[in-house]
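[1] Structure for this input, please:
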Amino acid sequence: MIRSLLLVATLVVSFAAQNSGAQDWATKMFDRVEYDFGSLARGAKSEHTFKIKNHFEEDIRIQSVQSSCGCTIPQISKEVLASGEEAELVTEFDTIKFKGPHSATITVTFAPPFSAEVRLQVRGYVRQDVVFEPGRIEFGQVPAADGASQAVAISYAGQDGWKIEDVRSASDNYEVELRELERAGSRVEYEMLVRLKETAPTGYLSDQLTLVTSDSERRYIPLMVEGRVVPAVDVEPKSLHLGVVRPGESVTKQLVVRGTTPFRILDVACEKPDDCFQFAANDKERKLHLIPVTFTASDTPGKIVETIQITTGSQIAADSGDQKALEVVAHVEVLED
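    Coordinates of the predicted model:
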């Protein structure tokens, strides 16, 4: 559902056509074959990602990706796709060098022995009367529960009386404050402050704000939002594979625990206590902790799956009971002697 982020302009709110010669099997690997960027402001950074998935048993190799127009720059994330693997084809529409309506054909060529071509169509209209600076909201890495904000300058030069009537998004993670700084005849200057809410969940941000204007012909203008909300404390890897050992043998691997602020490792233990697992950690307060995990195999063969619980926090948090618990699942197999 698309939500309106702007209720009153000066207040903070809560806010390709398929190539006929392409084989069907190759086309079916794409989530879509055409995309319309719509009406874009000059300077806006606009990208679309085509998803590609190998539904077949054989490996598929992408030989080349080419665009028919310099207005669109394609980049592929992976050239060889094993069965079940996915890749992304990111297409960036140039709004600096080009203006007006533009379209491009992105030709994706698959290499022998499974030769094929798929042609993707992209198009868009670059406006010269609306300029964004910067062209995209980029929050970067934001600690969870901290929130963030970034301002965008919006300039318009065109029809008298033009205005921004609303700002909408399909996400409720943002708030917007819009101020009209200057209006002189057909020229208007706005400052738009976009806030990432403190309640935004952890993970990558890839959203779009849509400015709704009074222009009846080209009413909607998109603005991309990107960033990443990171947990206050996190551990990698979350699945620890210790491999295969024989009775009496030991294996050691390391866990990395990172925080946005200094913290302590208060405890490391197995969910079901087992003398086969040993941990080494210190209680110093720092942003990065390395925890060696050592497993010593007993005489009992079989696969072992154990949950390792890591309790973190400051000493004040420990005294108050406000601690953060992380979990890692350890996998190891003990062979018969």
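[2] contacts, neighbours, all on C-alpha from now
    Noted.
[3] can you give me the helices in the protein?
    Residue ranges of the helices in the chain, as given by DSSP state H, are 24-27, 315-320.
[4] Worst mean pLDDT among these?
    Mean pLDDT is lowest for helix 315-320 out of these, coming in at a mean of 45.
[5] Give me the neighbour count for the residue nearest to Ala148 when sequence neighbours are not counted.
    Among residues not flanking Ala148 along the chain, Leu196 sits closest, at 5.0 Å (CA to CA, 6 or more residues apart in numbering). Residues near Leu196, counting by other CA atoms under 10 Å, number 22.
[6] Next: Lys272.
    With other CA under 10 Å as criterion, Lys272 counts 9.
[7] In this structure it contacts Glu306, no?
    Yes - counting by CA atoms under 8 Å, Lys272 touches Glu306, with 7.4 Å between them.
[8] which residues touch Tyr220?
    Ser39, Thr210, Leu211, Val212, Thr213 (CA atoms under 8 Å, 6 or more residues apart in numbering).
[9] And the pLDDT for Ala82?
    92.
[10] try Glu327
    Glu327 is given a pLDDT of 92.
[11] Also Asp274?
    Predicted confidence (pLDDT) for Asp274: 63.
[12] Compute the distance between the residue nearest to Leu223 when sequence neighbours are not counted and Thr109, please.
    Closest residue in space to Leu223, ignoring its immediate chain neighbours: Leu209 at 5.1 Å, by CA to CA, 6+ apart. Using CA to CA, to the nearest Å, Leu209 is found at 34 Å from Thr109.
[13] again with Ser155
    As for Ser155, its distance to Thr109 is 41 Å (criterion: CA to CA).
[14] quick revisit: what's the closest of the contacts of Tyr220 to Asp337?
    Checking the contacts of Tyr220 against Asp337 by CA to CA gives Thr210 as the nearest, at 65.1 Å.
[15] Would you confirm that the closest one contacts Ser169?
    Yes - assessed by CA under 8 Å, Thr210 is found in contact with Ser169 at 6.2 Å.
[16] Among Leu209 and Thr109, which residue is more densely surrounded?
    Leu209 (24 against 19).
[17] From Met224, how far off is the more buried one?
    Counting by CA to CA, the gap from Leu209 to Met224 is 6 Å.
[18] Could I get the average pLDDT for stretch 211-219?
    92.
[19] so how far does that stretch reach from one end to the other?
    8 Å.
[20] In that stretch, which residues are buried?
    Leu211, Val212, Thr213 (16 or more other CA atoms under 10 Å).
[21] now that stretch, how far from the centre of its chain.
    Relative to the centre of its chain, stretch 211-219 is centred 29 Å away, using CA atoms, centre = their mean, to the nearest Å.
[22] just stretch 72-91 next, same as before
    So, by CA atoms, centre = their mean, the centroid of stretch 72-91 is 16 Å from its chain's centroid.
[23] same question, stretch 227-238
    Distance, centroid of stretch 227-238 to centroid of chain: 13 Å (CA atoms, centre = their mean).
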